[in-house]
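> From the sequence below, what's the structure:
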Amino acid sequence: MLEIRHLQVLRSIAREGSLAAAARALHYTQPTITHHLAALEAHFDARLVRRGPRGATLTELGEALLPHAEGVLERLRYAELEVRGLAERGMRTLHIGTFPTAGALLLAPAVKRLHRQGVHISLTEGELPLLLSGLRARELQAALVFSQPGDRLDLDEEFALHPLLADPLLLVMPQDHPAAALDRVPLTALRDTEWVGAADPHDPCDRVLSWACARHGFEPVHAMRTDDYAVVQGLVAAGAGVALVPRLALGTPHPDLALRRLDGPDLTREISVVVLRSTAARSAEELVSALQEQAALITERWARADRDLRKPGGPLSDPIGTVGP
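The predicted structure follows:
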């Protein structure tokens, strides 16, 4: 019969590179490791580990089994944490990841509701690649993620994707910029304009901007770079350049800024919550429901602001104008 210890031994050998090191990591004797490995190989009637003078490596069959073993062990770890949390604190635990802007406006209100319903949140904050890595490694049970033109999330069928919010990428510029007189700004009007970009040139907003500019035959020139959206707004207001910023990240914009949509391809990132299907159904449903309710509130607030801007006397007849969401 297949046992959990057999899977732990396989994972440890893969990580440590030898039976002796695996024994130390698991606090077993080496004969115990050998015994469990033999039982595992007998169960599959196949050689799973190749042993040599320099250590041990998994065979092709062992490599095929490894991700399944890791998945089973991670699910058991989450089960243990959830049951212990219920026993000790009367609360279930959800391991959630988020990128910063979604954490502030989407996740924080949802966490409050989940706490009231007896769910404890273990939070990991980071950029999208870190969140996707945490999901694939089963270190996270759920994560707020986004996709945008030219990007794919590439998650397998063990994850359920629940759309939440369409977050437009807006052009942020000084109010006295010549293009601020336009309802929608064509990228070609910004061919010679300097941009304030992210510290990492591979930032998603920078990549989608480069993608859109390339369609018009030029590459945007970045004058300054920062990862702080408040600093971005301050630099743009000071005349250091223009910027492309997600609406969710704007908060209350600087009073000297104008916000416009770019004319051309739709530059919108789709924000979703990804949930590992093995997550306890009740916890997953509560998380998704709380996030969907908060996303609906944000969408309605944006729509209300847009309607106000269309009234007579508004800054412009465009759906963004010079005020924030």
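
> could you pull out the strands for the protein?
For the chain, the strands defined by DSSP state E cover 49-52, 55-58, 92-98, 119-125, 142-147, 159-174, 184-186, 194-197, 221-225, 243-246, 257-263, 268-276.

> Just send those back as CSV, with mean pLDDT, mean neighbour count and distance to residue 104 too.
Where you see a C-beta, it was placed from the backbone N, CA and C, and this is true even at glycine. Converted to CSV, these look like this (pLDDT from 0 to 100; neighbours: other Cβ atoms under 10 Å; distance: least, Cβ to Cβ, whole Å):
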stretch, mean pLDDT, mean neighbour count, distance to residue 104
strand 49-52, 92, 14, 47
strand 55-58, 93, 17, 43
strand 92-98, 86, 24, 9
strand 119-125, 86, 17, 10
strand 142-147, 92, 23, 11
strand 159-174, 92, 20, 13
strand 184-186, 90, 17, 27
strand 194-197, 92, 21, 21
strand 221-225, 89, 15, 22
strand 243-246, 92, 23, 12
strand 257-263, 88, 22, 19
strand 268-276, 92, 22, 13
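
> Would you reformat these as JSON lines and include distance to residue 301?
Compiled in JSON lines, these are given as follows (distance: least, Cβ to Cβ, whole Å):
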{"stretch": "strand 49-52", "distance to residue 301": "57"}
{"stretch": "strand 55-58", "distance to residue 301": "52"}
{"stretch": "strand 92-98", "distance to residue 301": "20"}
{"stretch": "strand 119-125", "distance to residue 301": "23"}
{"stretch": "strand 142-147", "distance to residue 301": "18"}
{"stretch": "strand 159-174", "distance to residue 301": "11"}
{"stretch": "strand 184-186", "distance to residue 301": "22"}
{"stretch": "strand 194-197", "distance to residue 301": "26"}
{"stretch": "strand 221-225", "distance to residue 301": "30"}
{"stretch": "strand 243-246", "distance to residue 301": "15"}
{"stretch": "strand 257-263", "distance to residue 301": "15"}
{"stretch": "strand 268-276", "distance to residue 301": "15"}
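
> do you know which of the ones you listed lies nearest residue 25?
Nearest to residue 25 among those is strand 55-58; the distance by Cβ to Cβ comes to 12.8 Å.

> Ok, which of the strands of the chain comes nearest residue 292?
For residue 292, the closest of the strands of the chain is strand 159-174, at 6.2 Å, according to Cβ to Cβ.

> Might you report the residue contacts of residue 147?
Listed by Cβ atoms under 8 Å, 6 or more residues apart in numbering, the contact partners of residue 147 are 153, 269, 270, 272.

> From those, pick the one nearest residue 113.
The nearest one, if we look at these relative to residue 113 and count by Cβ to Cβ, is residue 272, at 18.8 Å.

> and the worst-scoring helix or strand of the chain on mean pLDDT, what other elements does it pack with?
Within the chain, no helix or strand scores below helix 60-89, which has a mean of 80 by mean pLDDT, DSSP states H and E. Identification of packing neighbours for helix 60-89 by 3 or more Cβ pairs under 8 Å, 6 or more residues apart in numbering; DSSP states H and E yields helix 4-16, strand 92-98.

> re the thing from before, max pairwise distance over the contacts of residue 147: which two?
153 and 269 (11.7 Å).

> Skipping adjacent residues, who's closest to the residue nearest the centre of the chain in space?
Of all residues in the chain, the one closest to the mean position by Cα atoms, centre = their mean is residue 145, 3.4 Å from it. Leaving aside its chain neighbours, residue 145 sits nearest to residue 274 (5.4 Å; criterion: Cβ to Cβ, 6 or more residues apart in numbering).
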